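In: okay, here's the prediction I keep looking at, along with the sequence it came from:
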Amino acid sequence: MMDSASSAPQSGSGAGQDGSETIRPAERHALSLLVSHRPRNVTWRQAAGLLFGDWGTSRLYVLGLAFFFAPRTSLWLLAAMSLLLLAVGWAYTQICRVYPDGGGVYTAAKRVSRTLAVIGALLLFADYVVTASLSSLDGFHYFFGKHASTDLFSLTSPGMWAIVSIIAIGLLNFLGPRHTGGFAIVAAAGMIFITLLISVFAMPQVNWAALPARITPITDPPLTVWLQFVAIVLALSGVEAIGNLAGVMKKPVTLTARKAIWVVAAEVALFNLLLGVAMVSALPDSARADHKEDMLAFLGGHFIGHWAEMSVRALGGVLLLSAVNTVITGMISLQYLLSRDGELPSCLQKLNRFGVPWLAAIVAMVVPCIVLLVSHELESLAALYAIGVVGAVAINVSLVAMHPRVRGWWRKGGAVLLAVILGAIWITLALTKMHALIFVTIVMVVGLTARFITRRMSGPAVGPAALLRRAILEQITPEALSGRKVLVATAGSSHLAAAAVEYASRNHASLVVAFVREISLAHNVTVEGMTLDQDHPAQTMFAEFLSVGHRHGVVIIPMYDVGTDAAEQLAEAAAMEGVDEILMGSSRRGLVHRMIKGSLQRRLETLLPREIRVHVLDAQAP
C-alpha cells in the first residue's frame, strides 16, 4: 500500500515532454494493487448507536451525581448540561463536515501540529481510562445496590469486581474486538427501553402542583453554581467516537453525521430533563447521597415496582460493562495509531495471531485497574473523567473554529464561544480537582516522554521499500497483467514461494502474491495508514518471491493490503484481477483460532465466483 502512485520510483518509465518521468499504464495498475480503502459502510443508525452508547448510558450516573452536588437546583444543572451537549453536538456536525475522512481530535490536529495531535490523543486516552474505570465501577453498583461495600477487598465491593471485569474484558479483547456497530444498536435499544419504561410510569405520578416547591431558583453565588455545573459535565465522551467514524460513514458524510448526532442529542437532552423531574419529585434533600451511583434503578423501583428496579439494575449494569469493552478497544486502537505514526514505540504495533496489538491490549487492561486501586469512589472518578474528555473536545472545537471551511459569523462565533466555555471548564477542573490535574499530568508526562524517546531513537528513513518498488515495476509487463494469472494467499511468510512459483511456471501464468495484514481494531478506526514502507516483514517476503520468480521466469505481481477481514479482501482482489486460481498452504492454526476466526479457505470459497478454484499447495514451512 503506497502513499500514492506518483511517489513511486519510475525506473523504466518514459519521459514526459517536460523532461519528468511518467508511469506506464501497466506500472500504474501494479501500484494500484498496493492501495486499499476501507469501505464507507457505517449508516447513520450505526453511528447513532455508537454515540448513544456513551451519551445515553451516561444518565446511569449523571442524574445521581447532579442530585448529590445540588439537590434543589439539580434540574437547572441538568438543563445547562443538556444545552452544552447540544452545542457540542452542533460543533461535531461541523467537524464531520470539514473532516469527512476522520474528525477525531488526533486526526484533525495532525493537520495543524503533530505535537498538538499527540496532546489531544493523550487527553482522549485519559478519558478512555477513566471511562473504563467509572463505567465498570458503576455497573457493579447497579448489580449490588444497597449491598455494595466500600471496602475494596470485600466480596461485595464494586471496586474489586470492577477490576476483575476489566481484566476479563481485556483478556477477551486479545481475541479481537468484541464491539461492533450492530451490537451498539442493541445496547442503545436497551438504554432507550429503560428510559422509556421509567418515563412512562413516572410522569403520571409526579406531583406537578408541588414540584415548584421542590425546584428552587438558583440563589447560590455564581462561582458555586459554576463549580456544581463543572462537576456533572460527564456526558461528552462519546462525541469523539462520532468524529472518528466520519472516515467510514456512508456518503454524504455531512448528512449521515448530522442525522446520527441530532437524533441522539435530542433524546439525551429531553429524557435527562424528564428523568430529572422524576428524580427531584421523588427524593428528599436528605437522600442526596443515597442513590448517586444507581439513580435509575431507584427511580424504576419507586415509580414502577421491585421487578422494574431489578430489571434496570441488570440491564444497566450490562450496558455499563459494554461501555467498558468499547473504550478498551478504543485504547488499543489509539495506541496502535500513535505507534504506526511514529509517535509511540513500535512495539505497540506487534500483533498476535488474531490481529490484535497485544502489548497495547495489556496497557489498556492494566492502566484502568491501577486507577481503580487508587480511586474507587464515583465522585472522585467523575473529575478524572471530565478533565480528559473536555480537554480533547476543547482542542477539536478550537481547531474547527479556525478552519477556513467554517464560514459565517454565527458558525465561527458559536465555535469560538463553545471553545472558550470548554476551556474554562478544563481550567476549573485543573484548579479545583488536584487529583484530576495530577492524573492528566502523569498521562501527559508518560506519553510525551515515550514520544520523545521514540523520535530520538528512530534514525533517518531508509529506502528498502523504494528499491523493492523499483524491482517490482521493472519485471511487470502489460502482457503479464493481461494474461493468465494465479493468486497465492500468503500469511506474511515466503515458505510457499518455491511451490507457488513452480506452479505458475507450469501453467504459464503470472503470480499475484497477496498478503493481507489482518488487524483487529475498534469499529470506528480505519487501518489503511500502515503502508508497505512500514511493514518490513512484508518487504522481506515480497523480495523472496521476486528472487524465486526471477529464477523461474515468472512475473510477480504483489498485492499488499491492510484490513479486518482477509477473506473478503482476497476475494475482492481475485475478482478484480481476473485470476483463474487461488493457491493456499495448508492451515496450521490451532483450535481456538479456528473457533474465533473460522477457516480462511472455507470462507474464501464461499465468497469467490464459481469459476475461481482454490488449490492447496503441499509445501512445508522452514
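Out: Structure's in. What do you need?

In: helix/strand/coil for R602?
Out: helix (DSSP: H, G, I helix; E, B strand; the rest coil).

In: okay, now it: neighbour count?
Out: For R602, the count of nearby residues is 11 (other CB atoms under 10 Å). Backbone N, C-alpha and C define where each C-beta goes, glycine included.

In: swap in R407?
Out: Residues near R407, counting by other CB under 10 Å, number 9.

In: quick one: it is in a strand?
Out: No - assignment of R407 by three-state DSSP gives coil, placing it outside any strand.

In: distance of it from V400?
Out: Taking CB to CB, to the nearest Å as the measure, R407 falls 12 Å from V400.

In: then F545?
Out: From F545 to V400 the distance is 46 Å (CB to CB).

In: swap in F153?
Out: F153 is 47 Å from V400, by CB to CB.

In: which of these two has more neighbours?
Out: Using other CB under 10 Å as the criterion, F153 and V400 rank with V400 on top: 25 against 8.

In: thought that one was touching Q94?
Out: Yes - because the distance of 5.4 Å satisfies CB atoms under 8 Å, V400 is recorded as touching Q94.

In: overlap in contacts of those two?
Out: Residues touching both V400 and Q94 (CB atoms under 8 Å, 6 or more residues apart in numbering) are 406, 415.

In: helix, strand or coil: sort out L344 for me.
Out: Per three-state DSSP, L344 ends up coil.

In: which strands or helices does the longest helix anywhere in the chain pack on?
Out: Taking DSSP state H as the criterion, the chain has its longest helix at helix 306-340. In this structure, helix 306-340 makes packing contacts with helix 44-55, helix 59-69, helix 105-110, helix 114-144, helix 158-172, helix 181-202, helix 295-303, helix 358-374, judged by 3 or more CB pairs under 8 Å, 6 or more residues apart in numbering; DSSP states H and E.

In: pLDDT of that helix, averaged?
Out: The pLDDT scores in helix 306-340 average 88.

In: any idea how far S58 lies from V366?
Out: Taken as CB to CB, the span from S58 to V366 is 25 Å.

In: and I582, how many residues sit next to it?
Out: By other CB under 10 Å, neighbour count at I582 equals 24.

In: which residues are contacting the helix or strand in which E240 is found?
Out: Assigned by DSSP states H and E, E240 falls within helix 239-245. For helix 239-245, the external contacting residues (CB under 8 Å, 6+ apart) are 42, 47, 50-51, 53-55, 88-89, 92, 95-96, 99, 102-105, 107-108, 124, 127, 257, 260-261, 330, 389, 392-393, 396, 524-525.

In: then stretch 295-311?
Out: For stretch 295-311, contacts defined as CB under 8 Å, 6+ apart pick out 59-61, 63-64, 67, 142, 145, 194, 197-198, 201-202, 205, 275, 278-279, 282-283, 290-291, 312-313, 316.

In: is there a quick ChimeraX command that grabs whichever of the residues you listed are buried?
Out: A single ChimeraX command selects the buried members of those (16 or more other CB atoms under 10 Å):
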select :59,60,61,63,64,67,142,145,194,197,198,201,202,275,278,279,282,283,290,291,312,313,316
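
In: residues touching I387, list them.
Out: 126, 426, 429-430, 433, 436-437, 439-440.

In: can you rerun that using 7 Å?
Out: Counting by CB atoms under 7 Å, 6 or more residues apart in numbering, I387 makes contact with 426, 429-430, 436, 440.

In: could you dump those residues into JSON lines with secondary structure, neighbour count and distance to T606 added?
Out: Formatted as JSON lines, the contacts of I387 follow (DSSP: H, G, I helix; E, B strand; the rest coil; neighbours: other CB atoms under 10 Å; distance: CB to CB, whole Å):
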{"residue": "W426", "secondary structure": "helix", "neighbour count": "25", "distance to T606": "51"}
{"residue": "L429", "secondary structure": "helix", "neighbour count": "24", "distance to T606": "53"}
{"residue": "A430", "secondary structure": "helix", "neighbour count": "16", "distance to T606": "55"}
{"residue": "A436", "secondary structure": "helix", "neighbour count": "24", "distance to T606": "52"}
{"residue": "V440", "secondary structure": "helix", "neighbour count": "23", "distance to T606": "49"}
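
In: just those now: which is nearest A538?
Out: For the contacts of I387, the closest approach to A538 (CB to CB) belongs to V440, at 37.8 Å.

In: hang on, isn't the closest one packed against G388?
Out: Yes - using CB atoms under 7 Å as the test, V440 is close enough to G388 to be in contact (6.3 Å).

In: ok so, going back, which element follows the helix holding E240 toward the C-terminus?
Out: Later in the chain than helix 239-245, the nearest helix or strand by DSSP H and E is helix 253-282.

In: buried ones in that following helix, by neighbour count?
Out: Those would be 253-254, 256-265, 267-269, 271-272, 275-282, for helix 253-282 by 16+ other CB under 10 Å.

In: next, the angle from it to helix 295-303.
Out: 50 degrees (axes from the mean of the first three to the mean of the last three CA atoms, to 10 degrees).

In: and helix 253-282, what does it pack onto?
Out: Helices and strands touching helix 253-282, by 3 or more CB pairs under 7 Å, 6 or more residues apart in numbering; DSSP states H and E, are helix 44-55, helix 59-69, helix 74-98, helix 181-202, helix 211-214, helix 239-245, helix 295-303.
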